[in-house]
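Chemist: please work out how this folds:
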Amino acid sequence: MQDLEQDPRAEQLAAAHWRHARQSPVAWERLEPAVRAELTEQADTWLRAARAAGIVAPAAAPSEDHTALWLDEAGGVWNDIPTADGDGGDLVLPLVHAHEEAVSRRDLAERGHRLTLIGWTR
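Modeler: Presented below is the predicted three-dimensional model:
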């Protein structure tokens with residue numbers, strides 16, 4: 001994605017932020033187009049900064065070997081399933097926490113892994 005193009009997720013982020021933080025009963029869809037455009041531009045700026053900091057994935061896959069991770073509204077994480085014909089399909093698998101597969105962060109660090117805190121979960 002070129003730097004001049006707006007991230008396709010910007011309007012989704014702006015609308016989610018509006019719904020979460022609004023002080024007004026006006027729905028996102030009923031805001032004046034100029035207000036929506038300004039909020040979307042702000043969200044695009046946030047996304048650019050997050051991409052530059054390495055805490056958000058680019059909107060497009062870095063290569064054909066990458067599959068998308070999706071976060072749903074309840075905080076569930078899903079992973080695209082690659083298909084043999086490469087068309088992408090629309091199948092996803094939920095990513096789940098399996099306690100028996102847990103490993104020590106210290107052990108990972110000793111093996112050269114670097115974890116970055118990007119949020120919190122319950």
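
Chemist: helices along the chain, start to end?
Modeler: Ranges of helices in the chain, per DSSP state H, are 10-21, 33-53, 105-110.

Chemist: okay if I get those helices as TSV plus distance to His99, mean pLDDT and mean neighbour count?
Modeler: (C-beta placed from N, C-alpha, C; glycine too.) Below are these laid out as TSV (distance: least, CB to CB, whole Å; pLDDT from 0 to 100; neighbours: other CB atoms under 10 Å):
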stretch	distance to His99	mean pLDDT	mean neighbour count
helix 10-21	31	87	15
helix 33-53	30	92	14
helix 105-110	15	84	10
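
Chemist: of those, which is nearest Ala60?
Modeler: helix 33-53 (11.3 Å; CB to CB).

Chemist: among the helices of the chain, single out whichever gets nearest to Ala68.
Modeler: When these are compared by CB to CB, helix 10-21 sits nearest Ala68, at 14.3 Å.

Chemist: quick check: angle from that closest one to helix 33-53?
Modeler: Angular relation of helix 10-21 and helix 33-53 on a 0 to 180 degree scale: 100 degrees, by axes from the mean of the first three to the mean of the last three CA atoms, to 10 degrees.

Chemist: residues in contact with helix 10-21: which ones?
Modeler: Residues from elsewhere that reach helix 10-21 (CB atoms under 8 Å, 6 or more residues apart in numbering): 28, 31, 36, 39-44, 46-47.

Chemist: biggest separation within the residues you listed, which pair?
Modeler: Of all pairs drawn from the contacts of helix 10-21, the widest gap by CB to CB lies between Leu31 and Leu47 and measures 19.5 Å.

Chemist: that older thread, okay if I get the helices of the chain as a markdown table plus distance to Pro62?
Modeler: Formatted as a markdown table, the helices of the chain follow (distance: least, CB to CB, whole Å):
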| stretch | distance to Pro62 |
| --- | --- |
| helix 10-21 | 19 |
| helix 33-53 | 12 |
| helix 105-110 | 22 |
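
Chemist: which one of the ones you listed lies closest to Ile81?
Modeler: Nearest of those (CB to CB): helix 10-21, 22.8 Å.
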